[in-house]
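Colleague: Give me the fold of what follows.
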Amino acid sequence: MNTGNKRELHSASPNSSEGGALKRRRLASSACPVATEDVCSERISQKPLRKMLDFSQSPMDDTEGIFTEIAHSLLNDHRLSVRTEDSTTEYDFMEVEFYLYRPGCHEDPFTHRSHEQQQAGQWYFHRAPRRSGTEQPLKAQGSGYRGGTRKGLDLTIGVSPETTSTENSQTTHTRGGILLRTLRRVSDKKIISGPSLLVDEILRASRAKSITELVTARLHGDISAFSAPIGGATDSVPHLRLVHVQSSTGRSKLRVFRSPRIGLDLSNPEIPREDPRQHPRVQFVAKPYRYFVHPHLLTANGRGQTFLGVYRQCADRNHLDSHDDFIEEIVRLTGLKPQTTKNYLAEYRGGLERGQLKIFLGTAGKGASATPTTFLRMMGTLAKLEPQ
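Modeller: The predicted structure is shown next:
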């Protein structure tokens, strides 16, 4: 390797698979003269978050851009507030993942597609996912929640309450959620990482013993993520709300990264072994729909995903002079050891150069994203298959 050649930083020529992917990402951002972190500053929406969550009027070809706007708003400008009769606990968002099923334009097969995800701006505590090809009926409120280590909480994205009354395929079947993966408690900076542990923390802060008790007895069925508009009904107590962080608090804008989501693989038996590239799971498994800040603090889960998100952002910027500088920058941002960083990079490049998608399909691919090395080989393989 020529360590003095900047193009060798990611071992990709403009005609290679990863080089082509990097080139497309740069071209996508070239229309914006000024970039803020990994997103064009013009794409940071001035709309209220509540309106951004409504996809009923959004362009059908700009889903990823809208995800980015929402993520920057959550990670930089909002907190989660858990309020009881005599206390309030607030949390900063550090890591979120997006899932959206919108007929005809964004049919993400990894989305739960629960009826409770149809109306935007609400809290959805995870239930058993819908079965493919069926409609999951709305269960009685307060029942059927997942327990143990399978708990999770989404901020729903879909259509506004006003639009849900309109009967058409878009409003009836557009459903999704923003999975909360990591929070940081404002009072003592404690990090709570992982969907299930995050729900446990919310139960603790709200003094509820179960999700059912929280929703029915503590929140009295009020699962709105937003306070009542000024002049409307008095906000309920206790509550679970999103609160806007005023600019006067002195918080600087955080550097936001994005990567593929955690825990997804290609083990579904419906994926054909012959020409699998057109299957929705193959098309969506590597989508960069996980957004995060402070990568060096995200050590509990998804080290491979975090590495890949940081690596790609550094490669996209292409401002480092040598391979050693490139490795040093990733080490600084992620907290990984230099040798671990080199090993991860080698696995990703191995997928780019020699990867075969068939080894990640079916039972052989079960849990492929659970270990950083296997995940990175799979991502390299998928990057190689991207159309030029």
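
Colleague: got the residue ranges for the strands in the stretch 251-388 of the chain?
Modeller: Using DSSP state E, counting those that start in this stretch, the strands found in the stretch 251-388 of the chain span residues 257-259, 290-292.

Colleague: Gly104: neighbouring residues, count only.
Modeller: Other residues near Gly104 come to 10 when the count uses other C-beta atoms under 10 Å. Where C-beta positions appear, they are placed from N, C-alpha and C, glycine not excepted.

Colleague: For it, give its distance to Met60.
Modeller: The gap separating Gly104 from Met60 is 7 Å, by C-beta to C-beta, to the nearest Å.

Colleague: Lowest mean pLDDT among the helices and strands, pick that one out for the chain.
Modeller: Least confident helix or strand of the chain, by mean pLDDT, DSSP states H and E, is strand 35-36 with a mean of 36.

Colleague: Could you list the low-pLDDT ranges of this structure?
Modeller: Across the chain, the ranges flagged by pLDDT under 70 are 1-46, 129-143, 162-172, 229-236, 247-251, 388.

Colleague: Using CSV, write out the CA atom coordinates for the top strand by length along it.
Modeller: The residue-count maximum for a strand in the chain (DSSP state E) belongs to strand 88-102. What follows is the C-alpha trace of strand 88-102 in CSV, where atoms were taken according to Å, rounded to 0.1, in the frame of the first residue of the first chain:
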residue,chain,number,x,y,z
THR,A,88,-38.6,15.5,35.9
THR,A,89,-35.8,13.5,34.3
GLU,A,90,-34.4,14.6,30.9
TYR,A,91,-32.3,12.7,28.4
ASP,A,92,-30.2,13.7,25.4
PHE,A,93,-30.6,11.5,22.3
MET,A,94,-27.4,9.8,21.2
GLU,A,95,-28.4,7.1,18.8
VAL,A,96,-31.6,6.5,16.7
GLU,A,97,-32.7,4.2,13.8
PHE,A,98,-35.3,4.9,11.2
TYR,A,99,-37.8,2.4,9.8
LEU,A,100,-40.6,3.3,7.3
TYR,A,101,-42.9,1.4,5.1
ARG,A,102,-44.5,3.7,2.5
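
Colleague: Neighbouring strands of it in the sheet, and parallel or not?
Modeller: Strands adjacent to strand 88-102 in the sheet, as given by DSSP bridges, are strand 78-83 (antiparallel), strand 106-107 (antiparallel), strand 175-185 (antiparallel), strand 290-292 (antiparallel).

Colleague: which other residues reach the last one?
Modeller: Contact with strand 290-292 is made by 67-68, 71-72, 74-75, 94-98, 181-182, 256-262, 298, 302, 305-306, 309, as judged by C-beta atoms under 8 Å, 6 or more residues apart in numbering.

Colleague: Can you tell me how far Asp200 is from Leu100?
Modeller: The gap separating Asp200 from Leu100 is 26 Å, by C-beta to C-beta.

Colleague: Counting neighbours, go ahead and name the busier of those two.
Modeller: In this view Asp200 and Leu100 are compared by other C-beta under 10 Å, and Leu100 has more residues nearby, 24 against 14.

Colleague: secondary structure element for Ile66?
Modeller: For Ile66, the enclosing helix or strand under DSSP states H and E is helix 63-77.

Colleague: So which other helices or strands are in contact with that helix?
Modeller: The elements that helix 63-77 packs onto, with contact taken as 3 or more C-beta pairs under 8 Å, 6 or more residues apart in numbering; DSSP states H and E, are helix 49-52, strand 88-102, strand 290-292.
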